[in-house]
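J.: below is the structure, and that's it, no one-letter string:
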């Protein structure tokens, strides 16, 4: 990923997530967020139009309830279902994706977002995130996350 694209992605992500979840982020190296033994939940969505690609975010599964609670305005203890947590993570990615596209392609850009999908990060995906320039590392309220953007030419 080109450095200007990476900077735009990270700044837009942090701005949107701060407003949506009241959680604060900072860019760090991927080595700083590599957390052996941590189970990550991955939200992924594709988009087409003026920009075509896939946006992904992987967060420690243990903070998905906090993300959901902050989005919904309830206490984390009130979030009981994995489905609710994953839906909230997907919705966060959906909002971020729209803002990222508009930041990169302009506010008048034409785009269509796919539905967010969630899964868990396996060893193969972890290796891809660590080795690919398409992914960056961030800390979100001191929790390690991976943010990935793959654009088609």
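T.: Looks like it came in fine. As the structure is a prediction and not an experimental result, all values here were calculated from the model.
J.: wait, what's in contact with the residue minimising distance to the centre of the chain?
T.: What sits nearest the mean C-alpha location of the chain, by C-alpha atoms, centre = their mean, is residue 57, with 2.8 Å. Residue 57 is in contact with 13, 42, 43, 89, 92, 93, 96, 145, 146, 147, 148, counting by C-beta atoms under 8 Å, 6 or more residues apart in numbering. Placement of C-beta: from N, CA and C, glycine included.
J.: pull out the buried positions in stretch 141-153.
T.: Buried positions in stretch 141-153, judged by neighbour count with 16 or more other C-beta atoms under 10 Å: 141, 143, 144, 145, 146, 147, 148, 149, 151.
J.: quick one: the fourth one and residue 59 touch, right?
T.: Yes - checked against C-beta atoms under 8 Å, the pair residue 145 and residue 59 is within contact range at 4.9 Å.
J.: got the end-to-end distance for stretch 29-44?
T.: The first and last residues of stretch 29-44 sit 21 Å apart, counting by C-alpha to C-alpha, to the nearest Å.
J.: residue contacts, residue 39?
T.: Residues in contact with residue 39 (C-beta under 8 Å, 6+ apart) are 60, 61, 62, 120, 121.
J.: you'd agree the first one is up against residue 144?
T.: Yes - at 6.7 Å, residue 60 counts as touching residue 144 under the criterion of C-beta under 8 Å.
J.: for these two, list the residues in contact with both.
T.: What both residue 60 and residue 144 touch, as defined by C-beta under 8 Å, 6+ apart, is the set 35, 38.
J.: in the longest helix seen in the chain, what's buried?
T.: Using DSSP state H, we find that the single longest helix of the chain is helix 82-105. Buried positions in helix 82-105, judged by neighbour count with 16+ other C-beta under 10 Å: 84-104.
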